[in-house]
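Enquirer: When you get a sec, could you give me coordinates for this:
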Amino acid sequence: MYKSLKTKNHLTVCSANFSRLRKILCDFENNTYTFEILSLEQKSEAEFLVISRTPHTLMIEAKSKNKDSALVNFLLRINIYIDAKLAEVISYQQEKPVPFFVPSPFSQSQDEKYQQNRILTEWLENIFLNGAVKVKEINFLNE
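Expert: Sure, this is the predicted structure:
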């Protein structure tokens with residue numbers, strides 16, 4: 001019973017992340033996306049790069065770059081399952097998570113996989129809340 005609740009929650013988070021990514025990345029039409037995050041406190045940029053594309057899956061590398069402080073930069077690798085409408089973090093800072101059904105090694109916490117997917121959720125929500133403008137549009141306005 002306990003395992004199924006964890007799985008249900010995991011699938012709910014992955015499904016919501018798929019919807020957010022699909023909206024931000026315009027149905028995954030392009031191979032690269034770069035956005036300026038419009039925030040008063042800090043200047044940051046979001047980059048999405050499609051690493052591999054098949055008819056049913058995508059692998060995306062997502063980067064958050066803060067121009068004021070390199071300490072808050074991060075890198076996520078995300079698998080997107082188009083038919084299942086799920087987006088799952090498979091790597092955070094180039095460290096692969098342990099599947100949730102495998103006992104965690106000493107170096108990782110019990111809910112490492114959940115935490116990595118929550119980071120993606122919160123980052124995507126931040127992009128929606130603060131707005132994002134494509135870098136091309138900003139450069140065009142400055143010319």
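Enquirer: gap between stretch 77-89 and the chain center?
Expert: 10 Å (C-alpha atoms, centre = their mean, to the nearest Å).
Enquirer: ok but Thr12 is inside a strand, no?
Expert: No: counting by DSSP: H, G, I helix; E, B strand; the rest coil, Thr12 is not part of a strand but helix.
Enquirer: Next one: it from Asp68, what distance?
Expert: For Thr12, the distance to Asp68 equals 34 Å [C-beta to C-beta, to the nearest Å]. Where C-beta positions appear, they are placed from N, C-alpha and C, glycine not excepted.
Enquirer: Do a quick rundown of the helices in the protein.
Expert: For the chain, applying DSSP state H gives helices covering 2-24, 112-130, 135-142.
Enquirer: Minimum distance to Ala84: which of these has it?
Expert: Nearest of those to Ala84, taken as C-beta to C-beta: helix 2-24 at 8.3 Å.
Enquirer: show me where pLDDT drops low in the chain?
Expert: The model of the chain has pLDDT under 70 over residues 1-5, 40, 71, 94-110, 131-143.
Enquirer: who's in contact with the residue nearest to the spatial centre of it?
Expert: When C-alpha atoms, centre = their mean is applied to the chain, the residue found nearest the centroid is Leu120 (4.2 Å). By C-beta atoms under 8 Å, 6 or more residues apart in numbering, Leu120 lies in contact with Asn17, Ala62, Leu76, Ile78, Ala87, Val89.
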